[in-house]
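**Q** heads up, no residue letters with this:
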């Protein structure tokens, strides 16, 4: 429908919107059952659509694809701002999403819901996963639609300002017995990819570490000399930053996605130069932070030679606000025990729920590049 005249995309919701009501009214009597639910939603007849959709699921004799019906029901719930019910429909639809194309479509619609809920970071991650799934299909309308949704989300869709992300991925993994810590597998994927996926809403992702194939299209750079510490790594990355706000993150934070929006919001709502996560114990996570780019430049200039400097030294001369991390979003994986704990956390979800780490979704047909 989105390619026909009479339709447009609303950048504030990423939804198709109706500009020609008459054509929809004319199409309604001839529509297939699942398509009919879509048209009823466009016409504002959401309660009728929900009733018809539930009947389609309850009466197997009616020829209707349950995957498509569940997606349409989720859309109808979103129109009523009943996002909890929409999420349940998406979880059920995922069980019927057999094959890469169906998984990509499901992820795309999950992303639209997350965007409407105000979770720009989760939405971008869903669009990025959908785009990755579609990468083997060439240039298709579905791929173009998902790429456009991701681009709108990264630009803020007229709601939030754009930002960049710096990810420090140069650890040697000595405490884990090698390989390098960012490449240690968690739920089958290197930890770096979990962080890259969490940062999907960033206009640009700058990874300080060895170049490799992974999620998205990050920019890679190295500190000089290699191994000269986190401040030197931040200094090397900063020349690639283009936005007025930049996230500064370690590559071993697989659950950081839930903290990225709050970090930026706290920074935007105050006068501080940086906002960092702080654990309930009082430990400050200096590599789970949002910075004003100009303030980070100034802090680096004041330090002088960045080689060997501790990252906390950047914070000594700036105004910092702190965000309590009661949900463990900043939990890092420094040891094998931490890694096993993270694996357990991912799996500790009730049956049928999608796990906290999106790369661990059941039956997700992706393959780790390393």
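**A** Nice, thanks for sending it over. Note that this is a predicted model, so its numbers are computed, not measured.

**Q** make it CA atoms for all contacts and neighbour counts henceforth
**A** Will do.

**Q** could you list every residue that touches residue 236?
**A** Residues in contact with residue 236 (CA atoms under 8 Å, 6 or more residues apart in numbering) are 208, 221-224.

**Q** In three-state terms, label it for me.
**A** State at residue 236, reduced to three classes by DSSP: H, G, I helix; E, B strand; the rest coil: helix.

**Q** Can you tell me which of the contacts of residue 236 are classed as buried?
**A** Neighbour counting over the contacts of residue 236 (16 or more other CA atoms under 10 Å) leaves 208, 221-223 as the buried ones.

**Q** Inside strands: which ones of the contacts of residue 236?
**A** If you go by DSSP state E, the contacts of residue 236 have 208, 221 in strands.

**Q** just curious, which of the contacts of residue 236 is nearest to residue 49?
**A** Using CA to CA, residue 208 comes nearest to residue 49 of the contacts of residue 236, at 49.9 Å.

**Q** these two touch, right, that closest one and residue 226?
**A** No. The pair residue 208 / residue 226 is not scored as a contact, 10.0 Å apart, by CA atoms under 8 Å.

**Q** neighbouring contacts of stretch 32-52?
**A** 17-18, 21, 24-25, 28, 53, 56, 64-65, 68-69, 72-73, 75-77, 79-80.

**Q** State the mean pLDDT of it.
**A** Taken as a whole, stretch 32-52 has an average pLDDT of 92.

**Q** buried sites along that stretch?
**A** 33-34, 36-43, 46, 49-50, 52.

**Q** do stretch 226-237 as well
**A** For stretch 226-237, by 16+ other CA under 10 Å, it's 227, 229-237.

**Q** and the least confident of the residues you listed?
**A** residue 227 (86).

**Q** name the helices or strands packed onto the strand or helix carrying residue 341?
**A** In the assignment (DSSP states H and E), residue 341 maps to helix 336-347. Helix 336-347 is packed against strand 185-186, with contacts defined by 3 or more CA pairs under 8 Å, 6 or more residues apart in numbering; DSSP states H and E.

**Q** I'd guessed residue 233 sits against residue 168; true?
**A** Yes. With contacts counted by CA under 8 Å, residue 233 reaches residue 168, the gap being 6.8 Å.
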